[in-house]
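Asker: Pasted the sequence and its predicted model underneath.
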Amino acid sequence: MAATHSTRMLILGSGPAGLSAAIYGARAGMAPIVVQGIQPGGQLTTTTDVENYPGFREVIQGPWLMEEMQAQAEHVGARMMWDSIVEVELSQRPFRLIGDSGTIYTGDVLVIATGAQAKWLGLPSEEHMKGKGVSACATCDGFFYRGKKVAVIGGGNTAVEEALYLTNHSHDVTLIHRRDSLRAEKILQERLFAHPNIKILWNTEVDTFVAGGEPEGLVGIDVRNTVTGEVSRVDVEGGFVAIGHSPATELFKGHVELDSDGYITVEPGTTRTSVPGVYACGDVMDKVYRQAITAAGTGCMAALDAEKFLAEADFEATNAAVAAE
Ligand SMILES: Cc1cc2nc3c(=O)[nH]c(=O)nc-3n(C[C@H](O)[C@H](O)[C@H](O)COP(=O)(O)OP(=O)(O)OC[C@H]3O[C@@H](n4cnc5c(N)ncnc54)[C@H](O)[C@@H]3O)c2cc1C
């Protein structure tokens, strides 16, 4: 028979959001279980230098930060499970979820912190140069390219915002877009076109991210004109792929309300989803900020929202029992 683990607070995801919820949940006596998913520690385990997480004067390493967060969560009483949820039943409490291992998890409340993944172009050179000049997050990595030439790939809101953001660090930003017009909002386009330090390569797609130097870094991007087929090189040291993100919400379709981009919707100013007792935090509900610190912040909010919900539910249950006596 399949093993069953039951808890007051079940958390899906072990990135900054899930682990912060676990720390707060454990300290509130909810003995949380964290189902870690296929990427224990989340997105930060795929990067090296992190310079913007508060509390550290020196540059820290993403995987190290996540190990510390997990150790802290375990220290205060959270339990980690090496499993990934494949099925959810949220129509009644306790919520019942099934792991890839066949294990059943039940929780009086559920915190969804399954994150989001950046979309990539899918080029072998891109894979090779990730973290060595190719990034999907200007807010995270733009600072490392101050005074250097950089390029942004994409044509939507994210790409335009990233290009504008990068002008804080670089006087030479190139936007590479495969069409002859942008999908971004008009107001953003106007700011982009007016910026003296941004140039746009229309009808252009990336052919190869070019590696060079010692230690190896990005020395340029070979681009192809989609109309003429001509290949040329853009001399940049940073390439930011900004073609969108995919929130990990496939599992929740039809169970909790999602917005048109697939992100979990929450009541403004809270982490409450459309299902009472189910909370969402981190990148799975945030398509604007997408930072470790904001994920951790909303993870804290989710645990506090969940704790309040359980306290109220317990109070009502006690009152009902007294009335029935
Ligand atoms: C290369 C890179 C560099 C970055 N650098 C920085 C930086 O310098 N500073 C910064 O603030 N931010 C940075 N970020 C962004 C930051 O990593 C994210 O904003 C943050 O990790 C989001 O946290 P999260 O907990 O919401 O989700 P994630 O970190 O995405 O974690 C999601 C978790 O959910 C789990 N999961 C998914 N599906 C399931 C399932 N079905 N069942 C169980 N678990 C599941 C995964 O295994 C994972 O543990 C970077 C991101 C990347 C990709």
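Answerer: Now that the structure is in, tell me what you want to look at. Numbers count the residues shown, from 1 in each chain.

Asker: buried set for stretch 165-177?
Answerer: Within stretch 165-177, the residues scored as buried using 16 or more other CB atoms under 10 Å are 166, 167, 169, 170, 172, 173, 174, 175, 176, 177. Just so you know, the C-beta spots here come from the backbone N, C-alpha and C atoms, and that holds for glycine as well.

Asker: Widest-spaced pair of those residues?
Answerer: The span of these, defined through CB to CB, is set by 169 and 177 at 20.8 Å.

Asker: quick one on the thing from earlier: so which of the buried residues of stretch 165-177 comes closest to residue 110?
Answerer: residue 166 (37.9 Å).

Asker: contacting residues for the closest one?
Answerer: If a contact means CB atoms under 8 Å, 6 or more residues apart in numbering, then residue 166 has 138, 142, 145, 150, 152, 173, 238, 240 as its contacts.

Asker: Can you tell me the SS state at the second one?
Answerer: Taken by DSSP: H, G, I helix; E, B strand; the rest coil, the conformation at residue 142 corresponds to helix.

Asker: give me every residue that touches it.
Answerer: 150, 162, 165, 166, 168, 169, 170, 238, 240.

Asker: Enumerate the beta-bridge partners assigned to the first one.
Answerer: Looking back up the chat, that one is residue 150. Beta-bridge pairing for residue 150 (DSSP bridges): residue 173, residue 238.

Asker: count of neighbours near it?
Answerer: Residue 150 has 27 neighbours, counted by other CB atoms under 10 Å.

Asker: and residue 291, what pLDDT?
Answerer: Reading off the confidence values, residue 291 has pLDDT 94.

Asker: which residues does whichever residue of the stretch 101-250 of the chain sits closest to the ligand contact?
Answerer: Nearest residue of the stretch 101-250 of the chain to the ligand (CB to the nearest ligand atom) works out as residue 115 at 2.2 Å. With contact set as CB under 8 Å, 6+ apart, residue 115 has these partners: 13, 15, 17, 39, 42, 43, 247, 248, 282, 283, 284, 295.

Asker: likewise residue 263?
Answerer: With CB under 8 Å, 6+ apart, residue 263 has these contacts: 116, 247, 249, 284, 285, 286, 287.

Asker: Just give me the neighbour total for residue 240.
Answerer: Residues near residue 240, counting by other CB under 10 Å: 29.

Asker: where does it fall, helix, sheet strand or coil?
Answerer: strand.

Asker: Assign residue 96 to helix, strand or coil.
Answerer: Assignment for residue 96 (three-state DSSP): strand.

Asker: so how far is the ligand from it?
Answerer: To the ligand, residue 96 is 14 Å away according to CB to the nearest ligand atom, to the nearest Å.

Asker: backbone phi and psi for residue 261, please?
Answerer: Taking degrees, to the nearest 10, you get phi -90, psi 0 for the backbone angles of residue 261.

Asker: Could you count how many residues lie near residue 270?
Answerer: 15.

Asker: er, residue 30 I mean
Answerer: If we define neighbours as other CB under 10 Å, then residue 30 has 26 of them.

Asker: Over to residue 149?
Answerer: Neighbour tally, residue 149, other CB under 10 Å: 16.

Asker: likewise the one 10 residues further on?
Answerer: By the measure other CB under 10 Å, the count of residues near residue 159 is 26.

Asker: isn't it right up against residue 184?
Answerer: Yes: with contact defined as CB atoms under 8 Å, residue 159 counts as touching residue 184 (7.0 Å).

Asker: where do the helices sit along the stretch 151-300 of the chain?
Answerer: 157-166, 186-194, 292-324 (DSSP state H, counting those that start in this stretch).

Asker: Compare the ones you listed and report which one is nearest to residue 101.
Answerer: When the helices of the stretch 151-300 of the chain are compared (using CB to CB), the closest one is helix 292-324, at 24.5 Å.
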